[in-house]
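Participant: Here is my input, please return the structure:
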Amino acid sequence: MKITSKHTGDTKEAEHILKEENIGRLGTFGGEYPYVVPLCYVFEQGNIYFHSGPGGLKMDSIRNNNRVCFQVDQVSGIRVSEDPCKYNINYKSVVAFGQAEELTGFEEKKRILYLLSNSFAKDKQTGSIKPPNIEQVTVVKISIESMTVKINLEN
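Facilitator: Model prediction:
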């Protein structure tokens, strides 16, 4: 059994993982402690986008300090052993670091909301998003400054 474990800055591999997944974890500075929250996202043209309500700790944290990290993983199995200390997980993981900004343009928010809904609908028809909903929702763009990839697989 050959185990491959590597930590790399392979941008193509990171982008591939970000495109395949649609749930990740956002890390912010939430005041006294770091704050991490899972959320739905879409990766588009080198940026991460998600939507949120206008308030709450997540948005308050971003407005206070827009430097964030975003983590996504793909778990493909667990390796068991007779020795419990040698159990391991097969996975690929991306951690992206960047700056978050709220989008304000109606058309840009609308475009991202459709990308988000289509990423979950897959082959199903999605309905139209009403203008008041577009105006009320907060859409955030994370401009990625750097990324790391960690791969731990059994070959």
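Participant: Now the helix or strand in which residue 19 is found: average pLDDT?
Facilitator: Using DSSP states H and E, residue 19 sits in helix 11-20. Averaging pLDDT along helix 11-20 gives 92.
Participant: what does the following helix or strand past that helix rub up against?
Facilitator: Using DSSP H and E, the helix or strand that directly follows helix 11-20 along the chain is strand 23-29. With C-beta atoms under 8 Å, 6 or more residues apart in numbering as the test, strand 23-29 has contacts from 18, 34-41, 48, 50, 58, 61-62, 64-65, 67-72, 100. Every C-beta, even on glycine, is put in place using the N, C-alpha and C of the backbone.
Participant: got the angle between strand 23-29 and helix 11-20?
Facilitator: Counting by axes from the mean of the first three to the mean of the last three C-alpha atoms, to 10 degrees, strand 23-29 points 110 degrees away from the direction of helix 11-20.
Participant: Okay, buried residues for strand 23-29 please.
Facilitator: In terms of neighbour count (16 or more other C-beta atoms under 10 Å), strand 23-29 has its buried residues at 24, 26, 27, 28.
Participant: Any idea what the second one is bridged to?
Facilitator: The partner list for residue 26 in beta bridges (DSSP bridges) reads residue 37, residue 70.
Participant: so how far is residue 39 from it?
Facilitator: In this view, residue 26 and residue 39 are 6 Å apart by C-beta to C-beta, to the nearest Å.
Participant: overlap in contacts of these two?
Facilitator: By C-beta under 8 Å, 6+ apart, residue 26 and residue 39 have these common neighbours: 50, 58.
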